[in-house]
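Participant: Please find the sequence and the predicted model below.
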Amino acid sequence: MSSLISESMLRYLYNEMSSEESAHFLFFIENNPAMMEQFARIKEGFDVLNNIKFSPSRSSTERIMSYAALDGFSMQ
């Protein structure tokens, strides 16, 4: 798969295409089974990553706050 196709897939998923670009992209994907399969895999990963919630551990937060205090920066 070319990098242009990969970029187009990501631009579509992130809603960075105009309506016209989106229509052309969907037409291309719908008429190319191999690309549709690749797009389905990328979209599946995109959807999974979009639903993951991250939060730092307590020790990470404490280290960040300790480091910030060295520069006189305070969150209080």
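Facilitator: Looks like it came in fine.
Participant: quick one: which helix or strand includes the residue most central in space within the chain?
Facilitator: With distances taken as C-alpha atoms, centre = their mean, the chain has Phe46 as the residue nearest its mean C-alpha position (6.1 Å). Phe46 belongs to helix 33-50 when assigned by DSSP states H and E.
Participant: next one: Ile52
Facilitator: Using DSSP H and E, no helix or strand contains Ile52.
Participant: So the residue nearest to the centre of the chain versus Leu10, what's the distance?
Facilitator: 8 Å (C-beta to C-beta, to the nearest Å). For the C-beta atoms, the positions are set from N, CA and C on the backbone; glycine is no exception.
Participant: With Asn32 instead?
Facilitator: 17 Å.
Participant: One more: Asn51?
Facilitator: Remark: distance between Asn51 and Leu10 (C-beta to C-beta) = 17 Å.
Participant: and the nearest residue to Ile42 once chain neighbours are set aside, how many neighbours does it have?
Facilitator: Excluding the flanking residues, the one nearest Ile42 by C-beta to C-beta, 6 or more residues apart in numbering is Met9, at 5.3 Å. Counted with other C-beta atoms under 10 Å, residues neighbouring Met9 total 20.
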